[in-house]
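Novice: what follows is a protein structure lacking sequence information:
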C-alpha cells in the first residue's frame, strides 16, 4: 500500500494519502476484479476519483440499473464494456416480445463518451442494425463484439461491422436471433483484413459464401476460434481445418452427412493436423460412424459441447471416454446412465457437467436417472458445476452427491415433471437439497426442483452463505418459504421464482433486502397489486415492474389493491423508472 | 354427474417417473401439463374417460409456459422454427420464428407488430391460420402451442 515513494529518489516517501493520481491509477491497474476496484473506490474521494478515471472494464449487469450517459461520464476511460438486459427467464419465453432492453442508448452514449472503446458485449438485449452501424463507425480501434442471446439485427448489420471495423479481432455471436437478409456480410471483410482471432456465427440460419470464408480463414493466421453454422457441409469443414490447423476451438456446424469412407479419411486427416484443438462443439446431426475421425484430438480436448447432438449409443460413449482431459462436458440425456458411468471412469478432470433433455415434453423413455449424476459426483473430484435434467430423483442420491462433492459452486437440478417426489419414499426432496446446501459451503448458484416444502428454504436460507443466484419453481407451501430465503442468504444477488404459493407478506417484511440484491423475479405466485404498490412506495431506489398478459392491458392505476399480479420484476436502480416500457408492463 | 377439478400436488401414483402410467396417462391427458387431480363427486369412476377428455380439451391452453427451462435452441425444431406469414391483401409476406414464442399471445403480439392495422385490414377482425404437414389449413389456437410449433409449415392471416 502506498509504495510510490521511490519515484524521485527523495529521502522520505510522500504519505500514502497524497500520492499523485498516476501512481494510484497504476496501483489500481493490478486490481482486475471489479469488486476490488469498487472497494478501492470507497476508501476516500481521492481514490474514488483515481479509480473511476482509470477503470478500463465495466460490467453493467442490469441495463436499467444506471443510465448509459451516467455510466460513461463516471468511467471515462473504459475500453471494454459488457451490458446485460432482460431477466434470465426471458430465455424460456416468460418475457413477451418488445419488453425493452434496447442496446441503442448504450451504443449512443458510448459513441459520445468512449471513442477509444475496443470491446462491447451485449447479453439478452435488443441490438438493431443501426446499433451495429453506429458501432462500426464510432470506434476507430474497435476489436471485440460479443452478442449473446440478442435479437433485433440482421446480416445487414453484420455487414456494417465486417466492413467498418478494420481492427476486428473477435466476432462472437452466441445464440442470437439474426434475420437473414441474404447480405454477404462475410464478403465485406477487406482482402487486406487479417486480424481475426474469433469468428462464431453458429447461430446464423442462412448460407454464407464458402469461398469467401475459406479465403478469410486462410489469411487470418491468428484465428483461434471458429464456430460454423449449420449451412456448412461436412466436406467443407475438412477443407477449413486444413487451412487453419492452429485452431484452438472449433464449432463443427451440422456435421451431418451419409457415411462415405473418403470423406471420413479427409476428416480424419484434417483433425490429425489440428494439434492445438482444445474445445469442440457443434450441432451434430451426426452419424456415429464419423466420430472416430475425431479420435486423434480427443486426448487434447478440455471442452466438449454435444448439447445439440442427437448422436447416441456406444460410438458416442467410446468417443467421450477417449477425452481423458475433459474439463467441461455438455451433452444430451441420450448419453444415459451407463454413458455417464463411463464418463465418471474416464474423465477424472471433469469440472463442469451439463446434461440436457432430448425430449423435454415427451414420454420419458430415456434411461437417464439420478444414477448417472451419483456416479460422476463420486469419481470426478474436481466436479464443481452441474446442470442436470432428469425424470426422477431420491433424497438418498442427493445426500450421496452432497457428501461426495462438497466443492460444488453451481448445482442446478431440473426434474422434468413439476413437484415430483422422491420416487422411492414418495417424500419431498427437502432432505436431499438441504444436504446439498449444508455440505457445499461455497455454493454460489442453485436451482431446485421436485416436490419441496418450506423446510428446504429454511435450510437454504440458513446455509446458503455464498449463494448468489437461486431459481425456484413449483415449490414451497406458504409465505414462510420465501421469508426464509429473503431473511437468510446473505449474499443473494438474483432470485427468480415461478409458480410458488408465495404471497405479499414476506416480500414486504424483507423489502430492505431487495436493495441488496440485483433483481427479483416472481411469476405465477400469490402477489397482489397492493403489496407491490407498498413496496414501491417504501423503497424508492427499487423499480417495481408489473407484467400482465399482453392480451389484457388496462391501466394499473384503475385496478384495486387486491388484483392479482401475474409477474413481478423488481430491481435496484440509480436511474429511476425506465421510460421505454411496453403497454403490458407497468411500473408502480 | 359433475367432475370437480382442482390444481394440487400430484397423487403418489402419478408422479413423473419414467415410463410409469399415472392418472394423466390413463385419461389421455398430456404429460407436460400441470399435474391435475380429477375428483368425481358421486364416486362413479366408470364414465370418467370421456368427461376427462372434454375437460382436457377446454383446459389445453393451461399448458405450462417456459417449462422445462430449456432455451428455444434446445427444443426440437422441424424447420428451424421460421415460417412464412402472409396476410390477406398484403403483397409482401414476413417470416416469424415460432420456436422463439412461448405462447399464442406472444405470437399474436408479434403478428400485430408485423402487420399493423394501418395496412389493409384497418382493425377488422382477423383469424390466424396455419398449414399442417398434410396440407390442411387449421385455425391457430385449437391445439397446445408446442404442437402448433412442431406442425405449422406456414401461416396465413385471413380477414374474418
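Specialist: Yep, that arrived. All values derive from a computational prediction rather than experimental measurement. Residues are numbered from 1 along each chain as shown, chains lettered A, B, ... in the order given.
Novice: now for residue 100: which residues touch it?
Specialist: Assuming you mean chain A. Applying CB atoms under 8 Å, 6 or more residues apart in numbering or on different chains, we find residue A:100 in contact with A:64, A:85-86, A:126, A:578, A:580-582, A:585. No exception for glycine: its C-beta is placed from N, CA and C like everyone else's.
Novice: actually, chain B is the one I wanted.
Specialist: The neighbours of residue B:100, taking CB under 8 Å, 6+ apart as the test, are A:93, A:151, A:177, B:72, B:81.
Novice: my guess is the fourth one meets residue B:106, correct?
Specialist: It refers to residue B:72. No. Here residue B:72 does not reach residue B:106: they are 11.5 Å apart, not a contact under CB atoms under 8 Å.
Novice: dihedrals phi and psi, the nearest residue to residue A:465 once chain neighbours are set aside?
Specialist: Nearest non-adjacent residue to residue A:465, counting by CB to CB, 6 or more residues apart in numbering or on different chains: residue A:490, 5.9 Å away. In terms of degrees, to the nearest 10, the main-chain angles of residue A:490 are phi -60, psi -30.
Novice: residue A:490: neighbour count?
Specialist: As a burial measure, residue A:490 scores 12 neighbours (other CB atoms under 10 Å in any protein chain shown).
Novice: so it sits right up against residue A:463, yeah?
Specialist: No. Counting by CB under 8 Å, residue A:463 is not a contact partner of residue A:490; they are 10.9 Å apart.
Novice: if we can go back for a sec, tell me which of the contacts of residue A:100 is nearest to chain B?
Specialist: residue A:582 (8.9 Å; CB to the nearest CB).
Novice: isn't that closest one up against residue A:102?
Specialist: No. Applying CB under 8 Å as the test, residue A:582 and residue A:102 come out as separate, 11.4 Å apart.
Novice: any stretches of the chain with poor pLDDT?
Specialist: Picking chain A for this. Within chain A, the stretches with pLDDT under 70 are A:1-11, A:13-14, A:17, A:286, A:362-366, A:549-553.
Novice: other chain: chain B
Specialist: B:1-63, B:73-81, B:117-124.
Novice: burial measure for the nearest residue to residue A:140 once chain neighbours are set aside, as a count.
Specialist: Excluding the flanking residues, the one nearest residue A:140 by CB to CB, 6+ apart is residue A:115, at 7.3 Å. By other CB under 10 Å, 11 other residues sit near residue A:115.
Novice: quick check: residue A:115 vs residue A:107, distance?
Specialist: 13 Å (CB to CB, to the nearest Å).
Novice: now residue A:308
Specialist: Distance of residue A:308 to residue A:107, given as CB to CB: 31 Å.
Novice: nearest to chain B: which residue in the stretch 201-350 of chain A?
Specialist: Proximity of the stretch 201-350 of chain A to chain B (CB to the nearest CB) peaks at residue A:205, 5.6 Å away.
Novice: quick one, helices of the stretch 1-150 of chain A?
Specialist: Taking DSSP state H, counting those that start in this stretch as the criterion, the stretch 1-150 of chain A carries its helices at A:21-28, A:34-41, A:45-54, A:68-74, A:104-113, A:129-138.
Novice: how distant is the first one from the center of its chain?
Specialist: Chain-centre distance of helix A:21-28: 33 Å, with CA atoms, centre = their mean, to the nearest Å.
Novice: now do the fifth one
Specialist: For helix A:104-113, the separation from the chain centroid amounts to 24 Å (computed by CA atoms, centre = their mean).
Novice: just want the angle from that helix to helix A:129-138.
Specialist: 10 degrees (axes from the mean of the first three to the mean of the last three CA atoms, to 10 degrees).
Novice: now for helix A:104-113, which elements pack on it?
Specialist: helix A:68-74, strand A:80-84, strand A:119-123, helix A:129-138 (3 or more CB pairs under 8 Å, 6 or more residues apart in numbering or on different chains; DSSP states H and E).
Novice: quick one: residues contacting residue A:403.
Specialist: Residue A:403 neighbours (CB under 8 Å, 6+ apart): A:435, A:439.
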